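> Take a look and give me a structure for this.
(one chain, ligands or ions: 1)
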Amino acid sequence: MAEEFVLLNFFASPFGMRVKVALAEKGIEYEHKDENLFDKSPLLLLMNPVHKKIPVLIHNGTPICESLIIVQYIDEISKDKSPLLPSDPYQCAHARFWGDFVDKKIHPTGRKMLASKGEEQEAGKKELFEGLKLMEGELGDKPYFNGETFGFVDLSFVPFNVWFYTYENVGKFSMEAEFPKLVAWGKRCMEKESVSKSLADPHKIYNFVMERRKIMGLE
Ligand code: GS8
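So this is what the prediction gives:
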């Protein structure tokens, strides 16, 4: 039987972009289905009844949920091509730690800053800066978080590279001035076709966020 992969996704989702990059790294063909998160499809509700969130990867009819778990699954089923997680157990745990850090300290703080104004927005910005400083420290002077090659932490974090434009415009700061190493790393990652073809247009993300901010009465 031919392998069949379907991705339930939403264009601006950093979580969905992770899965797209992983599938591109492995050269896996798939069908992409865009979800309306304000009117979820019966398929999404059937495939992710617990969280009811995208991304969901459906492999031969079986769903896999949660982006970092999906990426690990993709790496497991296609071990030989472009390995994403290190085979050494400690290195593997270390990479998973930083992938988890992105979910705990970058996404929620960025979201807090984008979905508020005034004092709450300032608090979100401060927390986001703390998270980004720690990411920059972890990157250090390496070309990639993984070292010389693109790996799991790079993949987990790289979708935020196309959110940085929105972060800096809404939060009124310059990524280049505050986090030059992350900006250089983002440019390096974008030179990879698997990344550039999988990530959303930063301006479209910005327009989407500004629409949401208007609806929420923040603009
Ligand atoms: C997060 C997925 C998520 O938040 C993962 O896959 O890593 N931990 C999960 N998905 C959002 C869209 S991106 O902001 C989602 O599906 N939201 C719909 C909802 O909350 O109803």
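
> CA atoms for contacts and neighbours, from now on please.
Will do.

> hang on, isn't residue 12 packed against residue 200?
Yes - using C-alpha atoms under 8 Å as the test, residue 12 is close enough to residue 200 to be in contact (6.3 Å).

> helices or strands next to the helix ranked longest in the chain in the packing?
Ranked by residue count and defined by DSSP state H, the top helix of the chain is helix 118-139. With contacts defined as 3 or more C-alpha pairs under 8 Å, 6 or more residues apart in numbering; DSSP states H and E, the packing partners of helix 118-139 are helix 107-114, helix 180-190.

> what does it contact?
Identification of contacts with helix 118-139 by C-alpha atoms under 8 Å, 6 or more residues apart in numbering yields 105-106, 109-115, 145, 171, 179, 181-182.

> The next helix or strand after it packs against which elements?
Using DSSP states H and E, the helix or strand that follows helix 118-139 in sequence is helix 152-157. Applying 3+ C-alpha pairs under 8 Å, 6+ apart, one finds that helix 152-157 contacts helix 14-26, helix 89-101.

> With only the CA atoms kept, save the first one in PDB.
Translated: helix 14-26. Extracted in PDB, the C-alpha atoms of helix 14-26 (Å, rounded to 0.1, in the frame of the first residue of the first chain):
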ATOM      1  CA  PRO A  14       4.100  27.900  14.100                       C
ATOM      2  CA  PHE A  15       3.200  24.400  15.200                       C
ATOM      3  CA  GLY A  16       1.900  23.400  11.700                       C
ATOM      4  CA  MET A  17       5.000  24.900  10.100                       C
ATOM      5  CA  ARG A  18       7.200  22.600  12.200                       C
ATOM      6  CA  VAL A  19       5.400  19.600  10.700                       C
ATOM      7  CA  LYS A  20       5.800  21.100   7.100                       C
ATOM      8  CA  VAL A  21       9.500  21.600   7.600                       C
ATOM      9  CA  ALA A  22      10.000  18.000   9.000                       C
ATOM     10  CA  LEU A  23       8.000  16.500   6.000                       C
ATOM     11  CA  ALA A  24      10.100  18.600   3.600                       C
ATOM     12  CA  GLU A  25      13.400  17.600   5.300                       C
ATOM     13  CA  LYS A  26      12.400  13.900   4.800                       C
END
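
> Establish whether it and the ligand are in contact.
Yes - Helix 14-26 comes into contact with the ligand (C-alpha under 6 Å from any ligand atom), by way of residue 15.

> how far does the very next helix or strand once past that helix sit from the chain's center?
Counting by DSSP H and E, the next helix or strand C-terminal to helix 14-26 is strand 31-34. Centroid separation for strand 31-34 versus its chain: 17 Å, with C-alpha atoms, centre = their mean, to the nearest Å.

> try stretch 80-97
On C-alpha atoms, centre = their mean, the centre of stretch 80-97 falls 18 Å from that of its chain.

> Name the residues of stretch 80-94 that come out as buried.
83-86 (16 or more other C-alpha atoms under 10 Å).
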